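Chemist: Sharing a model that was predicted from the sequence below.
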Amino acid sequence: MKISRRKLAAAVLGSSAAAMAQTQPAATTSPDAELAAARDRLRANIAAMGSQNVPMAVEPAFQFKA
């Protein structure tokens with residue numbers, strides 16, 4: 001079976017978009033619960049980023065200018 005890169009990309013993007021649409025949380029949650037969930041995601045992201053080792057030779061994507 002031959003498939004082009006464009007057809008493969010369209011199939012992957014289409015299926016992932018459909019999966020994302022199905023996993024949306026219900027709008028019946030309270031604002032406090034949404035805030036707590038957002039804070040939990042932020043803490044998890046901070047922990048994941050903190051566990052990565054970055055060499056000192058890596059340059060940042062921005063510059064501080066005075």
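Modeler: Right, received. Where do you want to start? The structure displayed is predicted, hence computed values, not measured ones.

Chemist: mind checking which helix or strand of the protein has the lowest mean pLDDT?
Modeler: Per-element confidence for the chain was summarised using mean pLDDT, DSSP states H and E. The lowest value among helices and strands belongs to helix 5-22, with a mean of 74.

Chemist: Give me the residue at the spatial middle of this protein.
Modeler: By C-alpha atoms, centre = their mean, the mean C-alpha position of the chain lies nearest to residue 45, the distance being 9.6 Å.

Chemist: That residue: what secondary structure?
Modeler: helix (DSSP: H, G, I helix; E, B strand; the rest coil).

Chemist: The one 3 residues further on now?
Modeler: When the structure is split into helix, strand and coil by three-state DSSP, residue 48 lands in helix.

Chemist: So what's the residue count around it?
Modeler: 9 (other C-beta atoms under 10 Å). In short, each C-beta sits where N, CA and C put it, glycine included.

Chemist: same question, residue 47
Modeler: Counted with other C-beta under 10 Å, residues neighbouring residue 47 total 9.

Chemist: Please tell me how far it sits from residue 6.
Modeler: Taking C-beta to C-beta, to the nearest Å as the measure, residue 47 and residue 6 are separated by 38 Å.

Chemist: same check, this time on residue 34
Modeler: 38 Å.

Chemist: Looking at these two, which one has more neighbours?
Modeler: Neighbours of residue 34 and residue 6, each counted by other C-beta under 10 Å, are more numerous for residue 34; the result is 12 against 8.
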